[in-house]
Every structure is written in structure tokens, then in C-alpha cells.
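Student: 3D model of this:
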Amino acid sequence: MSGVGQYSAFADVAIYAAVRTPWVDLGGALAQVSPIDLGIKVGREVLARAGVDPLAVDSVLAGSMAQASFDAYLLPRHVGLYSGVAQSVPALGVQRICATGFELLRQAAEQLRDEVQLALCVASESMSRNPIAAYTHRDGFRLGGEVQFKDFLWEALYDPAPGLDMIATADHLARRYGLSREAVDRYACESHQRALQAQRDGAWAEEIVTVDNQVFELEGYQPRGISLAHRAAAVTQDSHPRPTDLAALARLRAVHANGVQTAGNSCAVVDGAAAALVGRASACTRPALAQLLASAVVGVAPEFMGIGPAPAIRLLLQRSGLSLDDIGRFEINEAQAAQVLAVAQELQLDSARLNVQGGSLAVGHPLAATGLRLVMTLARQLRRHNLRYGIAAACVGGGQGMALLIENPAYRG
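Tutor: Below you'll find the model as predicted:
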């Protein structure tokens, strides 16, 4: 259907298993670890969790946004090889910015329409290793000329089409939807409180794998490995969720004059990786984590990019024949508090079904990996509460929105 986005429905597609590393704050224990090695870690772990021989994998799909190591081009291939996948199996790099994790699952499901039986999906992001970059000095430096080294981590947030950074696009939404600074801070506070409670309850325990210092061997090739920073022996849980209150959030200065977004109500900057194994539901020999039913992706105005999940969710529901009331849980990425509140207002979502374990404001947003985290968190919520359907969604820099519809295979009506 031209002009309204892209919708795909899937039959007999299951997420066999999904895991992630802890999300660790910028400059923390994962700061010096290559995203390739983080990806290898979760790639190996998800195969072990699923009880699947790596040699049974037919396709490797991997994504990472920043060029955070000199061998970044090789990320998909090395993740596959060092995870034990057969050398003859190809690897593909996938990129849809903040929806990369969703896109990995969508492409895996598309590949299952053909000869692929099992696809390994891995997303990894090192925000700490984002480079200080120069794009205009290949021919050297002129005497007295301007030297242009810039922080890629910050500059990549700027969209030159509308002339706005991502935080300013959330401020645009706050004005359009009448969102006050107090309302935005209140949402951020609740996200932290929910995340802390989820951490105390062990709600993420099943999806998080411990990361420690280790070496990855591959016969005939150079070893790779993980060496944690700050003499850490192991990392076991997300580092960013923390107690806060409205008074503390209110003291923070807005990033832009007359705006509502601050460091406290914007997503945390973290490092981390996630992986999922996708195959045919009919061939799964163990209880699957979730069935993947459909995906939707749309374009929106770049200056209002944060509203993207709303039309993506609408398209997903319209084409799948479901209503908002049929959806037991929504996981919508919290890029900025004003952005997710605008989406909730646009769709009239109630807070009891939205990001009930907190979101990226509290946990963090390692760009490529977030989509996989949203889906695995959502899938485990559906199973825990015997709910049938869930939707995970995210806005995408440049003006897009993407959403996935999953079903709980263990649902008992």
C-alpha cells in the first residue's frame, strides 16, 4: 500500500531465545570493550540458552551504529565466526538507527520465508568508544587552517535537514502536545522507580548474562576477548537505574532554552549488546520465548521524529486486525520523556500497560541493541502475566517509527 509505510506479516516465526549484557553507563566497566566482542559474548550465550548447535545456524544478522573499533566493518562476520557459526554461513550488517534491533528480527523473519531455518541476530553498541572524528583532513592540515575534530557521540544527534538535534525534536513535541516540564520530569521519575523495582524483583534476571574477562578462541585464527575496565571482575546488572525524585530532576537545567528536556529526563547513555535466535515455530523443540507476528515501519517529519511509534503502531494494528485493547503490554523506547509522553497521548495509552518495568530513561539506550531489549523484556512480561499480545516500538532519528507485534506462545485464554 503506497505512501502509508511498510507492513509485513509473518507466519510460523518464533524467537527461540534472547539475552543481553547488562547496560553499563558511559565510561563504565564495558567502556574499553569492542562492540564486536560484546556481540560475540551474547551470540555465544543465546545459542547456549536455546540449546542449539552453532553449526545449525543458516544466517547471521548483526547491527551496530557507531564505528567504535577499527575493525567495525567486520562486526557481523566476526560475531558469527567467533560464535561458532559455520564458516560457509554469510553475515549481513543491518542498520535502522534506534530500530536496528527490530530490523534484525524483521529481516530474520523475511529470510525464513526461503531456505533459512535459523537466524542469529546480534546488536551491539559501545557508546563509550564513539570516536572523536575528523572527516575533512585526509589531505593533511593547512598552516593556520581550521582543525575540525568533533565528538561523534554528540554530533550524531544532530539532523541537518530540520537543523535540530534529537533533544530539540522532543521539545517540539512537548510544545505540540502541551507537555509541561513537571509532567516530563514526573514521567522520568516514574521510569526510574519502575526500573529499580523491576531490578529488585529480578524481572530482568532471565535476560541478562554476566560479562566477565574472557578470551574467545577460533581455531586457526587470532583470539579475541573481553577485558573489563576499572579492574572489574564481572558485570551482572544494569548500572544506571538509581533513586531520584522530582525535586532533584527539577534542579537540572534544560538542554535548550525554553525546552523541557534535561539530562535527567532523556535516555541514559550506556554500552551493551543483545542477541536473539529466530527460527520456525513449528520446528522449535523447546518452549519459544515469543512468536513474531508482524512489523510496521513508517516515515514522519524529521522535526517531530519522536512521534514515529504512534503511526507505526496504528499501521500494525490496522493491518493485523487488532485493537489497542487487545494489546496486553507496550514497550516504547524512551528516547526522551516528552517523546514517549507525546506518543502515549496520541494513542491514548494508559500507563498500566506502558513500559511497566521502566525504560531507557532509567536503563539506557545503546542504539542498535535497544530494539532487541524491548522485545525480550516484552516477551517475558507476556509470559509472566499470561497476556497474549504485545507491541514494542521506537522512534528513529531522521523521522521514522517502527513497531513489532509479538504473541505469547504459552498464553492460556
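Student: looking at stretch 33-50 now, give me its mean pLDDT.
Tutor: Averaged over stretch 33-50, pLDDT sits at 98.
Student: got it, and stretch 318-332?
Tutor: 98.
Student: for that stretch, measure first residue to last.
Tutor: This stretch, stretch 318-332, spans 18 Å end to end (C-alpha to C-alpha, to the nearest Å).
Student: same check on stretch 242-252?
Tutor: Stretch 242-252 end-to-end distance (C-alpha to C-alpha) = 16 Å.
Student: begin at 10 from now on, thanks
Tutor: All set: I'll call the first residue 10, so the last point we hit is now stretch 251-261.
Student: any idea which residue sits dead centre in this protein?
Tutor: residue 379 (1.1 Å; C-alpha atoms, centre = their mean).
Student: contacting residues for that one?
Tutor: The contact partners of residue 379, by C-beta atoms under 8 Å, 6 or more residues apart in numbering, come to 107, 110, 342, 369, 403. C-beta: built from backbone N, CA, C; applies to glycine.
Student: which one of the residues you listed sits closest to residue 146?
Tutor: residue 107 (29.8 Å; C-beta to C-beta).
Student: checking my notes, the residue nearest to the centre of the chain in a helix, right?
Tutor: Yes: per DSSP: H, G, I helix; E, B strand; the rest coil, residue 379 lies within a helix segment.
Student: quick one, phi psi at residue 136?
Tutor: Main-chain torsions, residue 136, degrees, to the nearest 10: phi -70, psi -30.
Student: distance of it from residue 383?
Tutor: Counting by C-beta to C-beta, to the nearest Å, the separation of residue 136 from residue 383 is 17 Å.
Student: and residue 11, what pLDDT?
Tutor: Per-residue pLDDT puts residue 11 at 50.
Student: now do the strands in the stretch 60-209 of the chain.
Tutor: Applying DSSP state E, counting those that start in this stretch to the stretch 60-209 of the chain gives strands spanning 68-72, 100-102, 127-134, 141-142, 159-160, 167-168, 173-174.
Student: can you tell me which residues contact the nearest residue to residue 264 once chain neighbours are set aside?
Tutor: Distance criterion C-beta to C-beta, 6 or more residues apart in numbering; nearest residue to residue 264, sequence neighbours excluded, is residue 176 at 4.9 Å. Going by C-beta under 8 Å, 6+ apart, residue 176 touches 166, 264-265, 268, 270, 275, 345.
Student: can you lay out these as JSON lines showing neighbour count?
Tutor: As requested, the contacts of residue 176 are exported to JSON lines (neighbours: other C-beta atoms under 10 Å):
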{"residue": "166", "neighbour count": "15"}
{"residue": "264", "neighbour count": "18"}
{"residue": "265", "neighbour count": "15"}
{"residue": "268", "neighbour count": "19"}
{"residue": "270", "neighbour count": "28"}
{"residue": "275", "neighbour count": "24"}
{"residue": "345", "neighbour count": "31"}
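Student: tell me the buried residues in stretch 214-234?
Tutor: By 16 or more other C-beta atoms under 10 Å, the buried positions in stretch 214-234 come out as 215-218, 220, 223, 225, 233.
Student: cool, and stretch 317-327?
Tutor: 317-326.
Student: now stretch 143-161
Tutor: The neighbour-count check on stretch 143-161 (16+ other C-beta under 10 Å) flags residue 161 as buried.
Student: quick one: it to chain centroid distance?
Tutor: 33 Å (C-alpha atoms, centre = their mean, to the nearest Å).
Student: and the end-to-end length of that stretch?
Tutor: Per C-alpha to C-alpha, stretch 143-161 runs 9 Å from first to last residue.
Student: neighbouring contacts of that stretch?
Tutor: 75, 139-142.
Student: could you rerun that using 6 Å?
Tutor: The contact list for stretch 143-161, computed with C-beta atoms under 6 Å, 6 or more residues apart in numbering, reads 139-142.
Student: with stretch 398-409 instead?
Tutor: For stretch 398-409, contacts defined as C-beta under 6 Å, 6+ apart pick out 106-108, 308-311, 314-315, 317-318, 321-322, 335-342, 344, 383-384, 387, 391, 410-416.
Student: and the buried ones among the residues you listed, selectable in ChimeraX?
Tutor: Of the contacts of stretch 398-409, the buried ones can be selected in ChimeraX as follows, counting by 16+ other C-beta under 10 Å:
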select :106,107,108,308,309,311,314,315,317,318,321,322,336,337,338,339,340,341,342,344,383,384,387,391,410,411,412,413,414,415,416
